[in-house]
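Peer 1: Build me a model:
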Amino acid sequence: MHEADDAHLQALKEVLARSRALEHAPEHLIQKAMNAFDVSRRPTASTAGTPSPLQRLLAVLTFDEIGSALSPVRASGPPTRRLVFSAGDIDVALSVTLGAMRGTWRIDGQCLGDDGPGDVQMMCGDQRLEAPWSAQAEFSLEPVPPGDCRLVLRTARWEINLPPFELPPPG
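Peer 2: Model (predicted):
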């Protein structure tokens, strides 16, 4: 048992001796590695002229309600569809109602969980609509044609892609 320990210790000493004979890494690589861990050199949000990387998120549908079918109290008004999508800490609430133009829809929405300025872009069929949101992160899109719709919300820090959803012809 003692001899095995001695042999293991001797092998370890030889490995250590060989490691001392290794060449050092080139100085520029050592500096590059040290700079990667230097917190004072990392970019911050206040660094002027340095754009932050845009975080791209894919939202998931977490709630879908057709108001007139599920809420008899509101059945007397025009049908409303409410959708909520979630992406990380941010929720996007949409309310879809009949548009002012015949055969179209109106989408009112709000981005919850972020207080920065941003905008929304919608592709529905061949039509593209864009709008900035208010200080309360609210937006409206009209007229929205029926069809498969995709929304993208953007700020300076992130972009959220909502999964496509279908708007049938009103009627």
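
Peer 1: For H8, give its distance to E14.
Peer 2: In this view, H8 and E14 are 11 Å apart by CB to CB, to the nearest Å. For glycine as for every other residue, the C-beta is placed from the backbone atoms N, C-alpha and C.

Peer 1: who are the neighbours in contact with L61?
Peer 2: 83-85, 163, 165 (CB atoms under 8 Å, 6 or more residues apart in numbering).

Peer 1: again, but for P169
Peer 2: Counting by CB under 8 Å, 6+ apart, P169 has contacts 103, 146.

Peer 1: at 6 Å what do you get?
Peer 2: Contact analysis of P169 by CB atoms under 6 Å, 6 or more residues apart in numbering lists P146.

Peer 1: Wasn't it part of a strand?
Peer 2: No. Counting by DSSP: H, G, I helix; E, B strand; the rest coil, P169 is not found in a strand; it is coil.

Peer 1: Give the rounded mean pLDDT of stretch 91-111.
Peer 2: For stretch 91-111, mean pLDDT rounds to 93.

Peer 1: That stretch: how far from the chain's middle?
Peer 2: Relative to the mean C-alpha coordinate of its chain, stretch 91-111 is positioned 22 Å out (CA atoms, centre = their mean, to the nearest Å).

Peer 1: Kindly report the same for stretch 106-114.
Peer 2: 15 Å.

Peer 1: who does the spatially closest residue to G125 that is not a sequence neighbour bridge with?
Peer 2: Distance criterion CB to CB, 6 or more residues apart in numbering; nearest residue to G125, sequence neighbours excluded, is G147 at 3.8 Å. When assigned by DSSP bridges, G147 has beta-bridge partners L167.

Peer 1: try P132
Peer 2: Where P132 sits in a bridge, its partners, by DSSP bridges, are D119.

Peer 1: Any idea how far apart the tips of stretch 142-152 sit?
Peer 2: 16 Å (CA to CA, to the nearest Å).

Peer 1: swap that for stretch 128-138, please
Peer 2: Rule used - CA to CA; the end-to-end distance of stretch 128-138 is 19 Å.

Peer 1: Which positions in it come out as buried?
Peer 2: 129, 131, 133, 137 (16 or more other CB atoms under 10 Å).

Peer 1: I'd assumed S140 was in contact with the first one.
Peer 2: No. Proximity of L129 to S140 does not meet the contact threshold set by CB atoms under 6 Å, at 9.8 Å.
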